[in-house]
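*Asks:* Provided below are the primary sequence and the corresponding predicted coordinates.
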Amino acid sequence: MLSLIKLLLPALMPSWRFFKAVDPSPRVEWAMLANAASTPAQWHEFRPRPQHLAPWAMACRMLWNPRWNENLFLVSCAERLTLAPSGHSRQEILRRITAELERTLPPGARLPYLQFRLVFTDRAGDGRLVMAVTYLSEPHLVAGVASA
């Protein structure tokens with residue numbers, strides 16, 4: 001009986017030792033530009049995490065949270081873009097930022113160019129936060145804004 005329990009235990013309680021290390025997760029930040037040569041005045045975090053969640057909202061998110069799944073996909077794209085830049089990852093991030101801005105920003109608040117960057121936040125040995133920009137995209141012309 002003891003040998004049976006030893007065989008079943010790993011299936012019931014899996015080991016999480018397959019992670020070699022837990023590294024900081026990249027944050028996607030965006031900025032809108034008046035023209036392709038200008039520099040961003042202000043960066044905005046894309047889909048910042050809420051400061052507080054009610055217990056009911058947290059329970060609902062455990063069962064249904066497609067937006068968080070999409071955020072995990074964005075993190076995956078950001079990590080791939082940092083390690084081995086590809087057009088696919090860049091386009092997926094741009095597509096989601098553009099769709100979100102079209103949904104949330106009024107047309108008069110949008111500028112013709114969009115730029116994004118990937119920022120890793122980590123703690124230094126002395127406890128202070130250190131931000132490192134690992135990727136900065138080229139300015140991209142946003143469809144529909146330049147003609148307005």
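*Replies:* Okay, I see it.
*Asks:* Strands of the chain, start to end?
*Replies:* Listed in chain order, the strands of the chain (DSSP state E) span 26-33, 44-45, 113-123, 129-136, 140-141.
*Asks:* Can you pull out the low-pLDDT segments for the protein?
*Replies:* For the chain, applying pLDDT under 70 flags the ranges 14-22, 143-148.
*Asks:* show me where it has helices.
*Replies:* Ranges of helices within the chain are 2-12, 55-63, 66-83, 87-104, based on DSSP state H.
*Asks:* Out of those helices, the one nearest Glu138 is which?
*Replies:* helix 87-104 (9.0 Å; C-beta to C-beta). The way it works is simple: take the backbone N, C-alpha and C, and place the C-beta from them, glycine included.
*Asks:* Can you give the distance from the closest one to the centre of its chain?
*Replies:* The gap between where helix 87-104 is centred and where its chain is centred comes out at 11 Å by C-alpha atoms, centre = their mean, to the nearest Å.
*Asks:* got the angle for that helix vs strand 129-136?
*Replies:* Counting by axes from the mean of the first three to the mean of the last three C-alpha atoms, to 10 degrees, helix 87-104 lies at 110 degrees to strand 129-136.
*Asks:* And helix 87-104, what does it pack against?
*Replies:* In terms of contacts (3 or more C-beta pairs under 8 Å, 6 or more residues apart in numbering; DSSP states H and E), helix 87-104 is packed against strand 26-33, helix 66-83, strand 113-123.
*Asks:* Report the distance from the first one to the chain centre.
*Replies:* Using C-alpha atoms, centre = their mean, the mean C-alpha position of strand 26-33 is found 10 Å from that of the whole chain.
*Asks:* Then stretch 96-116?
*Replies:* 16 Å.
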